[in-house]
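K.L.:
Give me the fold of what follows.
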Amino acid sequence: MPRNKSISSIICFMVSLLAPMASPSFAEEFIDINITDAQIKKINVAVPYFTEKNKPEVFHDSGINMAKLMGRALDFHGFINVINNETMPNMDPGNLYAINAGYIITGKYKAEGKKLVLELRLIDGRTKKMILGKRFRDSWEKQRQMILKFCDEVIGKITGTTGISSSQITFISDASGFKEVYIADVLGDDIRQITRHKNLTITPRLSVKADKLLYTSYHRGNPNLYLIDFKKSAHLTRPISRRKGVNYSPAWSPDGKQIIMTMSKDDNPDLYQINIAGEVIKRLTAERGINVSPTFSPDGKMIAFVSDRTGEPQIYTMNLATGQTTRITYEGFENTTPAWAPNGKWLAYTAKTDNGYQICKIATTDRARPIQLTNYWGSHESPQWSPDSRQISFTRTRNNISKICTITADGQWLRELFNIQGNQTNGNWSGRLNIY
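P.N.:
Alright, predicted model coming up:
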């Protein structure tokens, strides 16, 4: 249904900006989004409702919904404050400063046969110049992909690092009555149950491109490792390790061609390197004690993992070429579930503290001091980095209820990701997806 304008003067001015889509000629300047600074102020971005080219005087549901999706995708990044369209004041069309927006995103669309033509622009609120413009022409069903694609380009234009609204998260949920694997887009609009084993399922791991999924299930009695190839017809699922004992805690190499996992086929739980057919390439550890939770460095040359070879769980790194192992954590009696940041600078992990299990991070340099990121009541475990290294997801458990939450890399802006039934645990982030 149409909706009367309350900010028509703003829209008329912004629609006039959707003229030629050529990019202006000026030197690019990025904002330094240093989210290790707890005092960072969010960037104000206005996203007025998108207007139909042939009826710019009226708001329609399509334009309203597309603008709202853009706002949610921007807000997800943590350092954007999207100005509420309902409270945006009327203003003189030439005075963009009245809404106190650092940036403004305008949208103009029309139907062209069965196709949607969508023109989007990013405008600098200070200079009133367009700094990014894009024109899409595709089916109406692709409007979500268009908007998320532009959102991620906007984040890249502002900060120099592409956004992550196109990424996905896999996790375990007991919403069906059993612990099964689910996948969701990061905005929580498309949540899908992937496995239906009706048994215990653990440690789901998406490949970087989210085209394959590893997980361990007990539905055949033994904890076996399974692989789903989403590019195969009917999402082909097959076991790749059914060796006696445990087959779990897998990690994908950055190129998606190899896997490191924990197996106890030789009695002791050790790390093994295998290919996607399940063939053992190399045994990586042969130490006394348990060796679990591998995570690859971004260049694929190193892994971090957990071992209790000294009597207590601590985090180690290993050079895969030489086998050289270095202990990373020395503080605390229990440090587990490491996750290597995509920028290569940090390991996030779970630490047992006087206030329960909390999320910490530590630089990958020798003898670095840990930084505690959470200090809330309840348990905070199994951290995973976002593709841009600016956020960390983890499992928060309070009153026996577990949910997937995120914080920024400095421990700020904690929020719960998915408002769905049951418990959610063991979140794992994909890389950025080529959705459009």
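
K.L.:
Quick check: can you list the domain ranges of the protein?
P.N.:
Under the assignment automatic domain parsing, the domains of the chain span 8-159, 168-429.

K.L.:
between these, which gets nearest to residue 436?
P.N.:
Shortest distance between residue 436 and those, using CB to CB, is found for domain 8-159: 4.1 Å. All C-beta spots, glycine's among them, are computed from the backbone N, C-alpha and C.

K.L.:
about what we covered before: comparing the domains of the chain, which gets the lowest mean pLDDT score?
P.N.:
Sorting the domains of the chain by mean pLDDT places domain 8-159 lowest, at a mean of 77.

K.L.:
hang on, residue 66 is in a strand, isn't it?
P.N.:
No: secondary structure assignment (DSSP: H, G, I helix; E, B strand; the rest coil) places residue 66 in helix, not in a strand.

K.L.:
so it makes contact with residue 50?
P.N.:
Yes: using CB atoms under 8 Å, residue 66 is in contact with residue 50, at 5.0 Å.

K.L.:
Tell me which of those two has more neighbours.
P.N.:
For residue 66 versus residue 50, the count of surrounding residues by other CB atoms under 10 Å is larger for residue 50: 27 against 23.

K.L.:
Run through the residues that contact that one.
P.N.:
Contacts of residue 50 were listed using CB atoms under 8 Å, 6 or more residues apart in numbering, and they are 62-64, 66-67, 106-109, 118.

K.L.:
quick one: the residue nearest in space to the middle of the chain and residue 416, what's the gap?
P.N.:
Among the residues of the chain, the one closest to the centroid is residue 386, at 4.0 Å (CA atoms, centre = their mean). Residue 386 sits 16 Å away from residue 416, going by CB to CB, to the nearest Å.

K.L.:
do the same with residue 211
P.N.:
From residue 211 across to residue 416, the span is 28 Å (CB to CB).

K.L.:
out of these two, which sits in the busier spot?
P.N.:
Neighbour totals were compared for residue 211 and residue 416, and residue 211 leads with 15 against 12 (other CB under 10 Å).

K.L.:
hang on, that one packs against residue 229?
P.N.:
Yes: here residue 211 reaches residue 229: they are 7.1 Å apart, a contact under CB under 8 Å.

K.L.:
Pull the number of nearby residues for residue 375.
P.N.:
Residue 375 has 13 nearby residues by other CB under 10 Å.

K.L.:
Surely it and residue 359 touch.
P.N.:
No: the criterion here is CB under 8 Å, and residue 375 misses it with residue 359 at 9.4 Å.

K.L.:
Mutual contacts of these two, please.
P.N.:
Common neighbours of residue 375 and residue 359 (CB under 8 Å, 6+ apart) do not exist.

K.L.:
Residue 146 falls within a helix, correct?
P.N.:
Yes: Residue 146: assigned to a helix according to three-state DSSP.

K.L.:
tally of neighbours for the residue nearest to residue 146 when sequence neighbours are not counted?
P.N.:
Spatial nearest neighbour of residue 146, excluding adjacent residues (CB to CB, 6 or more residues apart in numbering): residue 136 at 4.4 Å. A count of nearby residues for residue 136, using other CB under 10 Å, gives 19.

K.L.:
oh, and call the first residue 20 from now on, that's how I've got it
P.N.:
Right, with 20 as the first residue, what we last looked at is residue 155.

K.L.:
Who is residue 155 paired with across the strands?
P.N.:
Counting by DSSP bridges, residue 155 forms beta bridges with residue 137.

K.L.:
before we move on, back to that, overlap in contacts of residue 85 and residue 69?
P.N.:
Both residue 85 and residue 69 are in contact with 126, 128, 137, where contact means CB under 8 Å, 6+ apart.

K.L.:
so can I have a markdown table of the residues you listed showing neighbour count and distance to residue 222?
P.N.:
As requested, the shared contacts of residue 85 and residue 69 are exported to a markdown table (neighbours: other CB atoms under 10 Å; distance: CB to CB, whole Å):
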| residue | neighbour count | distance to residue 222 |
| --- | --- | --- |
| 126 | 24 | 41 |
| 128 | 23 | 43 |
| 137 | 24 | 40 |
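
K.L.:
could I get these as a markdown table with distance to residue 119?
P.N.:
As requested, the shared contacts of residue 85 and residue 69 are exported to a markdown table (distance: CB to CB, whole Å):
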| residue | distance to residue 119 |
| --- | --- |
| 126 | 20 |
| 128 | 27 |
| 137 | 27 |
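
K.L.:
Could you dump the domains of the chain into CSV and include distance to residue 454?
P.N.:
Output for these, formatted as CSV (distance: least, CB to CB, whole Å):
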stretch, distance to residue 454
domain 27-178, 5
domain 187-448, 9
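
K.L.:
quick one: the closest residue in space to residue 451 that isn't next to it in sequence from residue 93, how far?
P.N.:
Closest residue in space to residue 451, ignoring its immediate chain neighbours: residue 406 at 5.0 Å, by CB to CB, 6+ apart. Look at residue 406 and residue 93: by CB to CB, they are 16 Å apart.

K.L.:
between those two, who's got more neighbours?
P.N.:
A count of neighbours by other CB under 10 Å puts residue 93 above the other of residue 406 and residue 93, at 24 against 21.

K.L.:
Return the residues in contact with the more buried one.
P.N.:
64, 66, 99, 101, 124, 170, 173-174, 184.

K.L.:
Show only the entries of those residues found in strands.
P.N.:
Secondary structure from DSSP state E places 64, 99, 101, 124 of the contacts of residue 93 in strands.

K.L.:
Which of these has the largest number of neighbours?
P.N.:
residue 124 leads the ones in strands among the contacts of residue 93 on contacts (other CB under 10 Å) with 25 neighbours.

K.L.:
ok, so what distance separates that one from residue 149?
P.N.:
Taken as CB to CB, the span from residue 124 to residue 149 is 11 Å.

K.L.:
Give me the common contacts of these two.
P.N.:
Counting by CB under 8 Å, 6+ apart, the residues touching both residue 124 and residue 149 are 140-142.

K.L.:
give the contact list for the nearest residue to residue 139 once chain neighbours are set aside.
P.N.:
Nearest residue to residue 139, sequence neighbours excluded (CB to CB, 6+ apart): residue 169, at 4.8 Å. Residues in contact with residue 169, defined by CB under 8 Å, 6+ apart, are 89, 124, 139, 153, 155.
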